[in-house]
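Enquirer: Got a predicted structure here, sequence first:
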Amino acid sequence: MEQAASEVSYAPNRAARALVTGRSDSIAFLVTETEDRLFSDPFFLGMLRGAQSVIAEAGLQLVFTVASTEDEHRRFLHYAAGGHVDGVLVLSLHGRDLLPQQLEGRGVPTVLSGRPMIEPNLLYYVDSDNIGGAALATDHLLSGGRRRIATITGPLDMCAGQDRLAGYRRALQAAGHPAADSLVGHGSFSIASGFQAMTQLLAAEPGLDAVFAASDLTAIGAMRAIVASGRKIRDDVAVVGFDDIGDAQLAHPALTTIRQPLNEMGRAMATRLLQRIAGDAAPPRTVLPVELVARETA
């Protein structure tokens, strides 16, 4: 039978099979950001590659979608609950967004990227060690003799933003250098926000000698502001980012950063979701380690 199917290039009809199995053989990859944010940040591509590799190995389809508004959330919830997908991978959740709980309540297994800000014990998620990574970055700056260390946060309506700020503060506190409020700038994981925040930090604290940026894109924006101020990167102000996207190594000078395993995180998310769909036991929380990648900025 298999030989005959191969000879005629037979492929099973997914729609017909779905009527029998009750499965769509499709997984949604949902990013709750605007398209501008999505296509400007390589973080999402790294996660997508990892997830796609696992979903493809399982012989399933990955459905990519973006939903940044309440109307888009409602439409996606109706779509997913209608049996069009067997599960959902959710990235970049903000604030107290209830979409994951709503999906789960309608019988749609869901796995998140990053610890949620509401009822994390009821949801499955994969994260990196954001607190430990931020502390590692700050410790690296301290070990290089830096003492007026600023930070540019990520969005504080996301646990990644909060945790990286907490790790920075923890490392400074342990070293006896509590962070002043004037050394904390606020960003949004973007180049533009990094430039603006760094410009403001340099004006408020002209003697600062280092900055930990909560993402590589933010760090690249900060580097541009440092140069625009007439200062030299590393000689005057050391810089450490977070993510280790491709642009970090290509930056001039090459960016010292905290590498989080984006491909592995995407694979882990997809693996956990497939385990749940199959009815197998899956750990509700997976936190992957990070590492410092020392280059030329610190």
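Expert: Everything's here; your move. Numbering: from 1, shown residues only.
Enquirer: Please count neighbours and contacts with C-alpha atoms only from this point.
Expert: Fine.
Enquirer: pretty sure Leu103 is in a helix, no?
Expert: Yes: assessed with DSSP: H, G, I helix; E, B strand; the rest coil, Leu103 lies in a helix.
Enquirer: Secondary structure element holding the nearest residue to it once chain neighbours are set aside?
Expert: Nearest residue to Leu103 in three dimensions, chain neighbours excluded: Leu77, at 6.6 Å (Cα to Cα, 6 or more residues apart in numbering). Here Leu77, judged by DSSP states H and E, is contained in helix 70-79.
Enquirer: Which positions in that helix come out as buried?
Expert: Neighbour counts over helix 70-79 (16 or more other Cα atoms under 10 Å) mark His73, Phe76, Leu77 as buried.
Enquirer: Nearest to Ile118 among the residues you listed?
Expert: Comparing the buried residues of helix 70-79 against Ile118 with Cα to Cα places His73 closest, at 17.3 Å.
Enquirer: contacting residues around the closest one?
Expert: Contact analysis of His73 by Cα atoms under 8 Å, 6 or more residues apart in numbering lists Ala67, Leu99.
Enquirer: What does the pLDDT read for it?
Expert: pLDDT, His73: 91.
Enquirer: Likewise for Tyr10?
Expert: Looking at Tyr10, its pLDDT is 39.
Enquirer: What of Arg37?
Expert: For Arg37, the pLDDT comes out at 80.
Enquirer: what helix or strand is it on?
Expert: Take DSSP H and E as the rule and Arg37 turns out to sit in helix 35-40.
Enquirer: Which element is encountered next along the chain beyond that helix?
Expert: Defined by DSSP H and E, the subsequent element after helix 35-40 is helix 42-57.
Enquirer: Which neighbouring elements make contact with that next one?
Expert: In terms of contacts (3 or more Cα pairs under 8 Å, 6 or more residues apart in numbering; DSSP states H and E), helix 42-57 is packed against strand 61-66, helix 262-277.
Enquirer: same thing but at 6 Å, please
Expert: Judged by 3 or more Cα pairs under 6 Å, 6 or more residues apart in numbering; DSSP states H and E, helix 42-57 is in contact with helix 262-277.
Enquirer: Residues touching the helix it packs on, excluding its own?
Expert: Helix 262-277 is contacted by residues Gly46, Met47, Gly50, Ala51, Val54, Val126, Ala282 when judged by Cα atoms under 6 Å, 6 or more residues apart in numbering.
Enquirer: In JSON lines: those residues, plus distance to Arg295 and pLDDT.
Expert: Formatted as JSON lines, the contacts of helix 262-277 follow (distance: Cα to Cα, whole Å; pLDDT from 0 to 100):
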{"residue": "Gly46", "distance to Arg295": "21", "pLDDT": "92"}
{"residue": "Met47", "distance to Arg295": "24", "pLDDT": "94"}
{"residue": "Gly50", "distance to Arg295": "25", "pLDDT": "96"}
{"residue": "Ala51", "distance to Arg295": "29", "pLDDT": "97"}
{"residue": "Val54", "distance to Arg295": "32", "pLDDT": "97"}
{"residue": "Val126", "distance to Arg295": "28", "pLDDT": "97"}
{"residue": "Ala282", "distance to Arg295": "37", "pLDDT": "86"}
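Enquirer: which secondary structure element contains Ala28?
Expert: strand 26-31.
Enquirer: quick one on the thing from earlier: buried sites along the helix holding Arg37?
Expert: In helix 35-40, counting by 16+ other Cα under 10 Å, buried: Leu38.
Enquirer: Over to stretch 164-181?
Expert: Of all the residues in stretch 164-181, those buried under the rule 16+ other Cα under 10 Å are Arg164, Leu165, Ala166, Gly167, Tyr168, Arg169, Arg170, Ala171, Leu172, Ala179.
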